[in-house]
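Q: give the three-dimensional model of this entry:
(2 chains)
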Amino acid sequence: MASGNPIISMTDITKVYTVGGEEVRALDGANLTIREGEFVSIIGPSGSGKSTLMNIIGCLDVADSGEYILDGQSIEQYSEEELARIRNKKIGFIFQNFNLLSRMSALANVELPLIYQRMHLNERKEKAKQALDRVGLTDRSNHKPAELSGGQQQRVAIARALATNPAILLADEPTGNLDSKTGEDIIALFHELHRAGDTIVLITHNEQIASKAQRRIRILDGKVSEVGV
Amino acid sequence: MILQSVKMAWEAITSNKMRSFLTMLGIIIGVVALVVLVSLVNGATGAVTSEITALGNDMVTVNVRDDKGSPIRLEDMDEIASLEAVGEAAPSGSLNATAKFGYSDVAVSLYGTTPAYYNIQGLNLKYGRFLKTADIENASYVAVLAYNTAEELFGKADVVGEQLTIAGRSFLVVGVLEEDTSLFASMIGGYSAYAPFTVESRMADEPYVTTLSVSPNGNTDETENQVESYMLTRFHQDEDAFRLMNMSSISDAMSTVTGTLSLLLGGIAAISLLVGGIGIMNIMLVSVTERTKEIGIRKAIGAGKKSIMMQFLIEALMVSLMGCLLGLALSWLILEIVTVIAKTIAFSMSIGVVLLAVGFASAIGLIFGLYPANKAANKHPIEALRYEG
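A: Below you'll find the model as predicted:
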């Protein structure tokens, strides 16, 4: 097992939703530790609490109870503004449907999180180019998302996630909208990034893709369990 | 960050040009209405005011209604003229009569006065001379004609030395005034002639001075005060015995009227700007809903509430200001065209009205952008990300 410092440390995390007057325990005392440099996949069917877990890991939401420490920082009942800053610095989101801004070029999309860091123009361009370079899309930097294939769009999204040099890359079904060949290429890219030292959390319902990760975690009915190696 | 927001706003505006333009149209029309209406009123006011000033703005006229047994005589003019704040004083009796020359005749207003009248009224001679003191003392039958009177009667202007009859008496023409082309003269119209006061008063059977005008020596207000107190003393403190009139009181009244007019028109134009602002809010609300996903993405990758708020607020402000600039350009064009058509009056935009338009448009952009921007900023990131428009 990896021996790095814990990047994610969750203890007894609970999240309860009230839907139509009924309480739904989306996360029920979940414990989870992910260390620096790990490549972890989180598997679970829909309705298992997977999305809730991702939202809490990604600081899009906060838990009702329990302790969550991200990269040494305890995430409590922060204000939206503070959560936004934490997301900006520590999390690199990769979504199933890429979520690129269609009006902007690939480079501008990658620059976006750096803009919110108030980084200066030259440094920003430089970092964005480096990120695009890491995903092998330097020659497509001025293309708009619509002019790129699905796989290329996802690579741009990965570059955007990488640009801020976050503590973890949080990928939510990153191959869900891609054909299997392209999907494999993307997974291969994740492995490449993993080898380079990035911490990756991959959320999926696809056992086959999950099995390629270094470590697998299963979530079912709001409870998290390790899958034997 | 503001620079980035401006860039983002520009991208959003240019990505949907037709819609942005239509949104701006409300502001464009509002600004054009505001600027053009206010400038037209101002231009017309300026033209009329300068006419009044040219007439002898600083002259004070006194009209005696009831002499209380101590009428003002011609000799009293010197006493009035010797008041400290009074420059010159001249009576101006008037009589409507028919002037004849050969077979042509014309109805004229004959003014009986003294040489001082020339300066007080700011008259200008074209031919000959004005009345002289000797004419008054001798009660000579001499007359000075207005340019249009001479033209009408003689068919030409250079008529010094000719004889004509006014109310059946024979007069020698000693001078002709310059043509009065002012707006005011054409408004009032009529034909006038000037004769010695002594002659006119005899003809009108009115030996006393009932109307007189004085020119100020320094401050017009001071002149008015002194003349008023002189008259009050003379007429036993009866304010109703006489009436004091000042050209500047006319122009004051005028500017009150035009001020109200431009306020009224400006107000109407401001309402159309307000409607334009509501248009902006409307489109911004649609835009915020349409771009819910974008807001979600931006929030996920680290945009805070403030950044989102700023982005949409600047977008609304930019739409408004761009509309304002286009409106100003259009207004300028319209005013240039109107100036060409109107010929005599030059209409121009004052800095004041431009600043007013820019200020108003910015305020409207901000006020009506606030609600949509706030709505965008308050979207929950998870829900916004899930939105499929």
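
Q: where does the prediction get shaky in chain A?
A: A:1-3, A:228-229 (pLDDT under 70).

Q: go on, the stretch 1-150 of chain B?
A: Residues of the stretch 1-150 of chain B that meet the cut-off, pLDDT under 70, sit at B:52-57.

Q: so which residues on it come close to chain A?
A: By C-beta under 8 Å from any C-beta of the partner chain, the part of the stretch 1-150 of chain B that sits against chain A consists of B:1, B:4, B:11-12, B:15. Just so you know, the C-beta spots here come from the backbone N, C-alpha and C atoms, and that holds for glycine as well.

Q: what residues does the stretch 251-389 of chain B put near chain A?
A: So the stretch 251-389 of chain B meets chain A at B:293-294, B:296-307, B:381-382, B:385 (C-beta under 8 Å from any C-beta).

Q: among the residues you listed, which are in helices?
A: B:293-294, B:296-300, B:305-307, B:381-382, B:385 (DSSP state H).

Q: got a quick ChimeraX command for the buried subset of these?
A: Command for ChimeraX that selects the buried part of those, burial taken from 16 or more other C-beta atoms under 10 Å in any protein chain shown:
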select /B:293,294,296,297,298,299,300,305,307,381,382,385
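
Q: I'd like to know which of the ones in helices among the residues of the stretch 251-389 of chain B next to chain A is nearest to residue A:132.
A: Nearest to residue A:132 among those is residue B:297, at 18.0 Å by C-beta to C-beta.

Q: what about the helices in the chain?
A: In the absence of a named chain, chain A is used. Going by DSSP H, chain A shows helices at A:50-57, A:80-90, A:106-115, A:121-134, A:150-163, A:180-195, A:207-210.

Q: that's the wrong chain, I wanted chain B
A: B:2-14, B:17-56, B:76-81, B:116-121, B:133-138, B:147-154, B:183-188, B:197-204, B:220-234, B:247-290, B:292-300, B:305-342, B:351-377, B:381-386.

Q: quick one: distance of the longest one to the chain centre.
A: Here helix B:247-290 shows a centroid-to-chain-centroid distance of 19 Å under the convention C-alpha atoms, centre = their mean, to the nearest Å.

Q: same check, this time on the second one
A: Averaging C-alpha coordinates over helix B:17-56 and over its chain gives two centres that are 14 Å apart (C-alpha atoms, centre = their mean).

Q: wait, residue A:63 touches residue A:15, no?
A: Yes: Residue A:63 lies in contact with residue A:15 (C-beta atoms under 8 Å); the separation is 5.4 Å.

Q: quick check: neighbours shared by those two?
A: Common neighbours of residue A:63 and residue A:15 are listed as A:27, A:56 (criterion: C-beta atoms under 8 Å, 6 or more residues apart in numbering or on different chains).

Q: wait, doesn't residue B:275 sit right on residue B:26?
A: Yes: between residue B:275 and residue B:26 a contact is recorded at 6.0 Å, counting by C-beta under 8 Å.

Q: look at those two and report which has more neighbours.
A: Neighbours per residue (other C-beta atoms under 10 Å in any protein chain shown) separate residue B:275 from residue B:26, with residue B:26 holding more: 25 against 14.

Q: mind checking how far residue B:210 is from residue B:197?
A: 11 Å (C-beta to C-beta, to the nearest Å).

Q: can you list residues touching both of these two?
A: residue B:93.

Q: okay, these two: which has more neighbours?
A: Neighbours were tallied for residue B:210 and for residue B:197 using other C-beta under 10 Å; the higher tally belongs to residue B:197 (25 against 19).

Q: ok, now which ones touch that one?
A: B:74, B:91, B:93, B:112-114, B:136, B:209.

Q: next, name the residue at the spatial heart of the chain.
A: Because you didn't say which chain, this covers chain A. By C-alpha atoms, centre = their mean, chain A has its centre lying nearest to residue A:170, at 1.1 Å.

Q: hm, I was asking about chain B
A: Nearest to the mean C-alpha position of chain B, counting by C-alpha atoms, centre = their mean, stands residue B:45 at 1.3 Å.

Q: so residue B:281 sits against residue B:369, correct?
A: Yes: the criterion here is C-beta under 8 Å, and residue B:281 meets it with residue B:369 at 7.2 Å.

Q: how many neighbours does residue 92 have?
A: Using chain A here. 28.

Q: chain B is the one I meant
A: 20.

Q: show me what contacts the residue in chain A positioned nearest to chain B?
A: Of all residues in chain A, residue A:88 sits closest to chain B, at 2.3 Å by C-beta to the nearest C-beta. Contact partners of residue A:88, counting by C-beta under 8 Å, 6+ apart, are A:113, A:116-117, A:164, B:301-303.

Q: so which of the residues you listed wins on neighbours?
A: residue A:113 leads the contacts of residue A:88 on contacts (other C-beta under 10 Å) with 30 neighbours.

Q: for that residue, which non-adjacent residue is closest in space?
A: residue B:301 (4.4 Å; C-beta to C-beta, 6 or more residues apart in numbering or on different chains).

Q: same question for residue B:104.
A: residue B:153 (5.6 Å).

Q: give the contact list for that neighbour.
A: B:99-101, B:104-106, B:145, B:159, B:164.

Q: I only care about these that end up buried; give me the PyMOL line for that.
A: Only the buried entries of the contacts of residue B:153 go into this PyMOL selection, using 16+ other C-beta under 10 Å:
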select buried, chain B and resi 99+100+101+106+145+159+164
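
Q: pick out the most distant pair among the contacts of residue B:153.
A: B:105 and B:159 (15.0 Å).

Q: burial of residue B:122, as a residue count?
A: 14.

Q: so how far is chain A from it?
A: 67 Å (C-beta to the nearest C-beta, to the nearest Å).

Q: equivalent analysis for residue B:213, please.
A: For residue B:213, the distance to chain A - C-beta to the nearest C-beta - is 74 Å.

Q: burial count for that residue?
A: Residue B:213: 22 neighbours (other C-beta under 10 Å).

Q: and it, what are its bridge partners?
A: For residue B:213, the beta-bridge partners under DSSP bridges are residue B:61, residue B:90.

Q: spatially nearest residue to the closest residue to chain A within the stretch 151-300 of chain B (excluding sequence neighbours)?
A: Residue nearest to chain A within the stretch 151-300 of chain B: residue B:297 (4.7 Å; C-beta to the nearest C-beta). The spatially closest residue to residue B:297, leaving aside those adjacent along the chain, is residue A:99, at 4.7 Å (C-beta to C-beta, 6+ apart).

Q: what of residue B:130?
A: Closest to residue B:130 by C-beta to C-beta, 6+ apart is residue B:118, at 4.5 Å.

Q: how close does that neighbour sit to residue B:128?
A: 12 Å.

Q: flag every residue of chain A that's near chain B.
A: So chain A meets chain B at A:55, A:58, A:60-61, A:80-81, A:84-85, A:87-89, A:93, A:95, A:99-101, A:103-104, A:112-113, A:115-118, A:160, A:164 (C-beta under 8 Å from any C-beta).

Q: could you redo the last one with a cut-off of 6 Å?
A: Within chain A, the positions near chain B by C-beta under 6 Å from any C-beta of the partner chain are A:55, A:60, A:80-81, A:84, A:87-88, A:93, A:99, A:101, A:103, A:113, A:115-116.
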